[in-house]
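1. Fold the following, please.
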Amino acid sequence: MKQFVLILFSIALANSCEKKLKPIPDIYYEDLLNEIIPHKKIEYWEYRNYDYLESTTEIIIEKGDNYNSLNIPYLELKSSFREGCHPTMCFDYIVAIEDGKCVYIDEISEVSEFIGEINNIAEALILKYIVAPELYSISEDGEQVGMYYINKKEVNFILLKDESVCPKIIGQYLLTINRTTHEITSSRIKTYYQEKI
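-> As a prediction, the model looks like this:
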């Protein structure tokens, strides 16, 4: 009898999760930044991209009181929480004015503290891109196959990951981010695609 009740509970839980599943919004990373709600009272902040080869800095987004960004020194970085222009020649960082002081944010732990509790799917996606860039949601055909669901405790993503090149094997994974601590767990669900040789 007890086993029967557990089976019914598992089925109900699975159905509940399926109802909450939603497609991951097809939004560019830069557009997600507009949805960040800083954890602390920040007077002003900028999200910047530094090009190592060109020694130039681009301000991607700025929010808050009207500070003259030219008075905020630029950083020359060799690593950061998000790198691009491979082979790793561009670096993102955040500069914020907090209590009248300038704070530079270029490490994953600092971004996590800056965001604080996850308020929306955009903040969760930003953290996903930073901590698990190998997991993706767009298929080779350009189809959005990623899904997510949110509860009071965590954000859950259903994503893909390339596991082998030859033969080509793609796995489907569950990525879970705790909304408060940002603790991350990842587990394999199944083989999403396997090339026949």
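2. Do a quick rundown of the helices in the protein.
-> 2-20, 29-32, 108-115, 121-131 (DSSP state H).
3. average pLDDT for the second one?
-> Spelled out, it's helix 29-32. For helix 29-32, mean pLDDT is 92.
4. Show the contacting residues for the residue lying closest to Cys85 once chain neighbours are set aside.
-> Using Cβ to Cβ, 6 or more residues apart in numbering and skipping residues adjacent in sequence, the residue nearest Cys85 is Asp51, 6.8 Å away. Any C-beta I mention is one placed from the backbone N, CA and C, and that applies to glycine too. Contact analysis of Asp51 by Cβ atoms under 8 Å, 6 or more residues apart in numbering lists 57-58, 85, 89-90.
5. hey, what's Asp51 bridged with?
-> Note on Asp51: beta-bridge partners by DSSP bridges are Thr56, Cys90.
6. Switch the contacts of Asp51 over to TSV; also include neighbour count and pLDDT.
-> Output for these, formatted as TSV (neighbours: other Cβ atoms under 10 Å; pLDDT from 0 to 100):
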residue	neighbour count	pLDDT
Thr57	19	92
Glu58	12	92
Cys85	13	75
Met89	14	85
Cys90	19	89
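7. Need phi/psi at the nearest residue to Glu113 once chain neighbours are set aside.
-> Computed as Cβ to Cβ, 6+ apart, the closest residue to Glu113 that is not its neighbour in sequence is His39, at 6.6 Å. The phi/psi pair for His39 (degrees, to the nearest 10) reads phi -60, psi -40.
8. separation between His39 and Val103?
-> 12 Å (Cβ to Cβ, to the nearest Å).
9. Share the number of residues neighbouring Tyr52, please.
-> 16 (other Cβ atoms under 10 Å).
10. Contacts only, for the closest residue to it other than its chain neighbours.
-> Residue nearest to Tyr52 in three dimensions, not counting chain neighbours: Met89, with 4.6 Å by Cβ to Cβ, 6+ apart. For Met89, the contacting residues are 51-53, by Cβ under 8 Å, 6+ apart.
11. now Met89: how far from Glu76?
-> Met89 is 12 Å from Glu76, by Cβ to Cβ.
12. so what's in contact with the two at the same time?
-> Both Met89 and Glu76 are contacted by Tyr52, under the criterion Cβ under 8 Å, 6+ apart.
13. wait, doesn't the residue nearest to Glu113 sit right on Val111?
-> No: with contacts counted by Cβ atoms under 8 Å, His39 stays clear of Val111, the gap being 10.6 Å.
14. coming back round to it: where's the residue nearest to Cys85 relative to Asn34, distance?
-> In terms of Cβ to Cβ, Asp51 sits 22 Å off from Asn34.
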